[in-house]
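S.K.: Give me coordinates for this.
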Amino acid sequence: MKRTTRNQSKNNPLKSEFVQVVEKYLREAGWTNQELMNEIQIGETQLYRWARGDSVPRKAIVNRIAASLARQIDRTRQKLPHNPFPGSDEIDGIVNELLEAAGYRASVKGKGIDYSWHEIAKNQSWVLGYTDVPTWSQIPNNPGSAPTGLAIEYAEQIGRLLGVTTTWEYLTWQEMPLAIRERRVYGIAPFFLALPERFFDYRFSDPCNEEPYSLSAVIVSEQVNKSVSFEDLPNSRVELVHVRGEIGSWAAAVLGNSYQNKEFEDRRKAISYLLATANRENDSIIPVFLSESITCQYIARENQQLQVIKIENLENIKIAPAFAFHPDEEKLTVAVNSAIKIVPKIQF
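M.R.: Numbering: from 1, shown residues only. Model (predicted):
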């Protein structure tokens, strides 16, 4: 049975499992977030990044947090002379719980190497994450229905070759790293591009289509006299518009700091902002939406006010879509790669 779920709402934003566990021990220790982060000598802003899933703490940082929490619990819960070290005596449990919540292999028990592979083999099913990507993976119109698109159909075909059923879970771009780290999903559908910076968070399958993606941009037609390349635009007026966590954010970073930047949570908000500039008179800003070529072409077809332009400085970058898994999922990646060799690649 296939189902589709949304995990985040505006009124109840997602908070990572790791930060929830940290906050549980903070309450027990009678500490604030700021006091903990001062103790481990890391800025408090980093804790909010972990909560949102923008990044995950290094294992060394997890151990440092556990040690600091244990010492503080010693101070607040100790009963002298009979129980002077209530936190330190339980530090193995604190470390294990924090490591597991952060997605690392705990000292005694945790989600270690090939965890997803063993769970898939046991349940004969896998949970894959997806987000709204034109043509490749699209949210269903009817609640409870499966998503649609080229990547969805291809992933389900791969699942059938593996002998497993596929369950879909909707994720925003920002939720994906945390969902993979926590093994809440076993993989991301093959619309995901194997960018260099993503190798810190994911293990990628072989490419799933014949032709790789290229990077491109979309601009309001009225703001240029004719079809131009990105490099023809005046740097001082250009504002790079992109979706946080999507390939456009990476492209904006590669292009450097010569441009203004504006980041959005999803594509629809970014395009609405782009279209709004067409109605502003004498606007000195030229917003340019960055993404891969297929998405840019789709956006231009859907909105007659917009046109696609090339980014000559990035035209040699070719990136193929692939499945994305947890870095420790070697067996699952090998199995999926074997299936990829059997079926035709995705044709766009």
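S.K.: Can you show me the strands along the stretch 101-250 of the chain?
M.R.: Ranges of strands within the stretch 101-250 of the chain are 125-130, 165-170, 187-193, 203-204, 213-220, 238-243, based on DSSP state E, counting those that start in this stretch.
S.K.: and those strands, which one's lowest on average pLDDT?
M.R.: Mean pLDDT per stretch puts strand 213-220 lowest among the strands of the stretch 101-250 of the chain, at a mean of 87.
S.K.: and it, what other elements does it pack with?
M.R.: On a contact count with 3 or more C-beta pairs under 8 Å, 6 or more residues apart in numbering; DSSP states H and E, strand 213-220 meets helix 247-255, helix 267-276, strand 286-292, helix 293-302, strand 306-310, strand 318-319. Yep, even glycine has a C-beta here, placed from its N, CA and C like the rest.
S.K.: Any chance of those in TSV with distance to Asp89, mean pLDDT and mean neighbour count as columns?
M.R.: Output for the helices and strands packed on strand 213-220, formatted as TSV (distance: least, C-beta to C-beta, whole Å; pLDDT from 0 to 100; neighbours: other C-beta atoms under 10 Å):
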stretch	distance to Asp89	mean pLDDT	mean neighbour count
helix 247-255	45	89	20
helix 267-276	50	88	16
strand 286-292	53	90	24
helix 293-302	54	88	18
strand 306-310	63	88	20
strand 318-319	51	83	14
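S.K.: re earlier: would you mind finding the most buried of the strands of the stretch 101-250 of the chain?
M.R.: strand 187-193 (a mean of 28; mean count of other C-beta atoms under 10 Å).
S.K.: That one: partners in the sheet, and parallel or antiparallel?
M.R.: strand 125-130 (parallel), strand 321-325 (antiparallel) (DSSP bridges).
S.K.: for that strand, the distance to its chain's centre please.
M.R.: Here strand 187-193 shows a centroid-to-chain-centroid distance of 10 Å under the convention C-alpha atoms, centre = their mean, to the nearest Å.
S.K.: Likewise for stretch 208-220?
M.R.: For stretch 208-220, the distance to the chain centre is 19 Å (C-alpha atoms, centre = their mean).
S.K.: that older thread, now render the strands paired with strand 187-193 as CSV, adding distance to Thr32.
M.R.: Compiled in CSV, the strands paired with strand 187-193 are given as follows (distance: least, C-beta to C-beta, whole Å):
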stretch, distance to Thr32
strand 125-130, 33
strand 321-325, 36
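S.K.: Please convert the helices and strands packed on strand 213-220 to CSV, extending it with distance to Ala51.
M.R.: Output for those, formatted as CSV (distance: least, C-beta to C-beta, whole Å):
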stretch, distance to Ala51
helix 247-255, 19
helix 267-276, 22
strand 286-292, 27
helix 293-302, 29
strand 306-310, 35
strand 318-319, 29
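S.K.: Quick one: closest of those to Ala339.
M.R.: Comparing those against Ala339 with C-beta to C-beta, the closest turns out to be strand 318-319 (21.5 Å).
S.K.: And the contacts of that closest one?
M.R.: 193-195, 212-215, 247, 292 (C-beta atoms under 8 Å, 6 or more residues apart in numbering).
S.K.: Could you rerun that using 6 Å?
M.R.: If you take C-beta atoms under 6 Å, 6 or more residues apart in numbering as the criterion, strand 318-319 is touched by 193, 212-214.
S.K.: quick check, nearest of those residues to Phe18?
M.R.: Phe18 lies nearest to Leu193 out of those, by C-beta to C-beta, at 26.2 Å.
S.K.: Out of the helices and strands packed on strand 213-220, which is closest to Ser16?
M.R.: Judged by C-beta to C-beta, the one of the helices and strands packed on strand 213-220 that comes nearest to Ser16 is helix 247-255, at 19.7 Å.
S.K.: buried stuff in the next helix or strand after the closest one?
M.R.: Where DSSP states H and E defines the elements, the next helix or strand beyond helix 247-255 is strand 260-264. Going by neighbour count (16 or more other C-beta atoms under 10 Å), the buried part of strand 260-264 is 262, 264.
S.K.: quick one: strands adjacent to strand 260-264?
M.R.: Counting by DSSP bridges, strand 260-264 is paired with strand 238-243 (parallel).
S.K.: Just want the angle from the strand it pairs with to strand 286-292.
M.R.: Angle, strand 238-243 to strand 286-292, by axes from the mean of the first three to the mean of the last three C-alpha atoms, to 10 degrees: 40 degrees.
S.K.: between strand 238-243 and helix 247-255, how big is the angle?
M.R.: 140 degrees.
S.K.: quick one: contacts of strand 238-243?
M.R.: Contacts of strand 238-243 (C-beta under 6 Å, 6+ apart): 248-249, 252, 259-262, 264, 267, 270, 285-290.
S.K.: which one of those residues is nearest Asp132?
M.R.: Arg267 (7.0 Å).
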